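[1] Just need the structure, nothing else, for what follows:
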Amino acid sequence: MAVIKITKASELVKSAGVSKGSLCWYIQTGKIPKCYYKKEEDKLRGDYLIDEAELCKFFGIEK
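    Next up, the predicted model:
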């Protein structure tokens, strides 16, 4: 299981015609399994952590 961040994930799904905003929506609503938004206690913002295999399977991307 490779965990990637939103910038790398948006590059992968760009070929499938999915925008970065749509990708964030899919993650926030739990449509893509094993992907989540993690916020650290001392910071205002967090990071999207995405399972690369699940992302490719969900959007039908060959890797």
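[2] what residue ranges in this structure score low on pLDDT?
    1, 63 (pLDDT under 70).
[3] At which residues are the strands of it located?
    Under the criterion DSSP state E, the chain contains strands at 3-4, 36-39, 46-51.
[4] Of the ones you listed, flag the one that's most buried.
    Most buried of those, by mean neighbour count (mean count of other C-beta atoms under 10 Å): strand 46-51, with a mean of 17. The C-beta positions use only the backbone N, C-alpha and C, and glycine is treated the same way.
[5] Next, the contact list for the residue nearest the centre of the chain, please.
    Nearest to the geometric centre of the chain sits residue 50, at 4.2 Å (C-alpha atoms, centre = their mean). Shown in contact with residue 50 (C-beta atoms under 8 Å, 6 or more residues apart in numbering): 3-6, 9, 27, 32, 35.
[6] most surrounded residue in the residues you listed?
    residue 9 (25 neighbours; other C-beta atoms under 10 Å).
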